[in-house]
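# Dropping the sequence and predicted coords here.
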Amino acid sequence: MWIFVALVADTVLAAVGIIDKLILTKSISKPIIFVFYSTIFSLGLLFLFPFGIKFPQVWSDYAIFAVSGFCFALALWTMYIGLQKSEVSHLGPLIGATMPFFILFLSRIFLAEKLGTYGLLAAVVLMIGSLIISFDLRQSKYGWYGAMGWGVLAGFLFAVSHVTAKYSYDVYGFYSGFVLTKFPLGIFGLALLFSPAVRSLFGKKPAPEQSADKTTANKKGAYLVIGNMALGVIGTTLVQYAAALGSVSLVNALAGAQYALLIVFVALISKFFPKILKETFTKKEIIQKTTAVAVISLGLVLLFIK
């Protein structure tokens with residue numbers, strides 16, 4: 001069951017990753033603004049508090065909820081910065097490879113989660129497949145490693161968020177754990193109002209001669225952001241639910257399938273809709289990505305072996 005839920009989530013999040021790149025290159029130039037839009041609406045979870053939420057008696061668990069939410073928000077921020085510096089077909093898989101690597105160790109230490117032989121082998125194979133996709137065979141080392149640092153940091157922050165969330169699901173159930181770990185995202189978004197860049201969103205209106213064009217562009221950008229946020233909520237919720245049902249390490253290792261799908265989506269869009277998104281693939285890259293997809297497929301097969 002959890003494998004099916006995770007695969008559906010990865011398909012949705014592959015589309016989200018592409019739209020993230022479009023938003024950061026065409027609609028929103030500053031990652032902090034995108035983080036604000038991606039987090040502030042989580043304040044709405046406050047309205048669910050009266051409806052069956054199990055609140056902890058141990059105050060330290062509130063710190064765990066805060067760590068999970070804040071790390072998720074910071075992971076989004078570092079990921080968006082990296083997306084501006086690199087292509088989504090490289091940075092996304094890098095995050096997909098490093099995140100389960102960190103989760104594998106953190107979950108063993110803090111959750112006492114142990115994988116069987118085939119489960120561990122599947123996780124390693126899926127991580128290798130993601131790592132193969134992430135290598136950029138064209139850019140200079142300096143240009144690629146600049147973005148690579150942000151990708152690794154995002155992977156670590158996502159890992160901390162997922163492991164602490166898994167603890168919350170195990171102790172308080174999925175519903176309560178999800179609400180209590182994602183509500184801090186809204187608090188983080190609220191804190192971003194101290195940023196001049198975010199406050200400028202509520203500033204003065206453009207000059208009359210510019211207002212019509214700017215309003216149209218802003219509406220298109222807003223629709224794109226809102227639609228992507230809806231997809232992101234669906235994908236994230238499904239990932240968290242899959243983690244609650246199964247192994248947090250394997251669910252996140254399965255993100256390799258997400259990046260295999262992302263490669264396919266990017267290739268199709270680049271070929272048929274180059275004005276929307278254009279990424280070119282050399283012969284070396286085609287071999288590289290084909291090899292990665294084959295490795296990821298092997299990892300998926302291993303997941304189904306008992």
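The structure has been received and is ready for your questions. Given the structure is predicted, the values throughout are model-derived calculations rather than measurements.
# what residue lies at the spatial centre of the protein?
Centroid check for the chain by CA atoms, centre = their mean gives L76 as the closest residue, at 6.7 Å.
# what sits against that one?
F34, V35, S38, T39, A154 (CB atoms under 8 Å, 6 or more residues apart in numbering). The way it works is simple: take the backbone N, C-alpha and C, and place the C-beta from them, glycine included.
# farthest-separated two in these?
Within these, two members stand farthest from each other by CB to CB: T39 and A154, at 14.9 Å.
# ok, back up a step: using just helix, strand and coil, how would you label the residue nearest to the centre of the chain?
Following DSSP: H, G, I helix; E, B strand; the rest coil, L76 is assigned to helix.
# if I look at it, how far off is I296?
24 Å (CB to CB, to the nearest Å).
# quick one: the stretch of helix or strand A267 belongs to to chain centroid distance?
Assessed by DSSP states H and E, A267 sits inside helix 255-272. Put simply, helix 255-272 sits 15 Å off its chain's centre (CA atoms, centre = their mean, to the nearest Å).
# can you check stretch 289-302 too?
With CA atoms, centre = their mean, you get 21 Å for stretch 289-302.
# now stretch 78-90
Worked out by CA atoms, centre = their mean, stretch 78-90 lies 11 Å from the chain centre.
# can you pull out the helices in the stretch 201-306 of the chain?
With DSSP state H, counting those that start in this stretch as the criterion, the stretch 201-306 of the chain has helices at 208-245, 248-253, 255-272, 283-303.
# Quick check: which of those is buried the most?
helix 248-253 (a mean of 29; mean count of other CB atoms under 10 Å).
# That one packs against which elements?
The helices and strands touching helix 248-253, judged by 3 or more CB pairs under 8 Å, 6 or more residues apart in numbering; DSSP states H and E, are helix 88-110, helix 117-134, helix 141-172, helix 208-245.
# got a list of contacts for it?
Residues contacting helix 248-253 (CB under 8 Å, 6+ apart): 2, 6, 99-100, 103-104, 107, 111, 113, 115, 119, 122-123, 126-127, 158-159, 162-163, 166, 239, 242-243, 299, 303.
# ok, now stretch 53-65?
164, 167-168, 171-173, 175-176, 179-181, 183-184.
# ok, of these, which come out buried?
Among these, those classed as buried by 16 or more other CB atoms under 10 Å are T164, Y167, S168, Y172, S176, V179, L180, T181, F183, P184.
# Please identify which pair of those lies farthest apart.
Going by CB to CB, the pair spanning the buried ones among the contacts of stretch 53-65 furthest: Y167 and F183, at 16.1 Å.
# roughly how far apart are the residue nearest to the centre of the chain and A147?
From L76 across to A147, the span is 16 Å (CB to CB).
# Quick check: chain neighbours aside, which residue is closest to A66?
Computed as CB to CB, 6 or more residues apart in numbering, the closest residue to A66 that is not its neighbour in sequence is P184, at 5.0 Å.
# just checking, what packs against the helix or strand where the one you found lies?
Using DSSP H and E, P184 sits within helix 174-191. If you count contacts as 3+ CB pairs under 8 Å, 6+ apart, helix 174-191 packs onto helix 31-39, helix 60-85, helix 141-172, helix 208-245.
# which one of those has the lowest average pLDDT?
Mean pLDDT values for the helices and strands packed on helix 174-191 show the minimum at helix 208-245, a mean of 72.
# Among the buried ones among the contacts of stretch 53-65, find me the one that's closest to L268.
In terms of CB to CB, no member of the buried ones among the contacts of stretch 53-65 lies closer to L268 than T181, at 34.9 Å.
# picking up where we left off before, let me have the buried ones among the contacts of stretch 53-65 in JSON lines, adding distance to G235 as columns.
JSON lines is the format used below for the buried ones among the contacts of stretch 53-65 (distance: CB to CB, whole Å):
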{"residue": "T164", "distance to G235": "19"}
{"residue": "Y167", "distance to G235": "22"}
{"residue": "S168", "distance to G235": "19"}
{"residue": "Y172", "distance to G235": "22"}
{"residue": "S176", "distance to G235": "21"}
{"residue": "V179", "distance to G235": "18"}
{"residue": "L180", "distance to G235": "20"}
{"residue": "T181", "distance to G235": "16"}
{"residue": "F183", "distance to G235": "19"}
{"residue": "P184", "distance to G235": "19"}
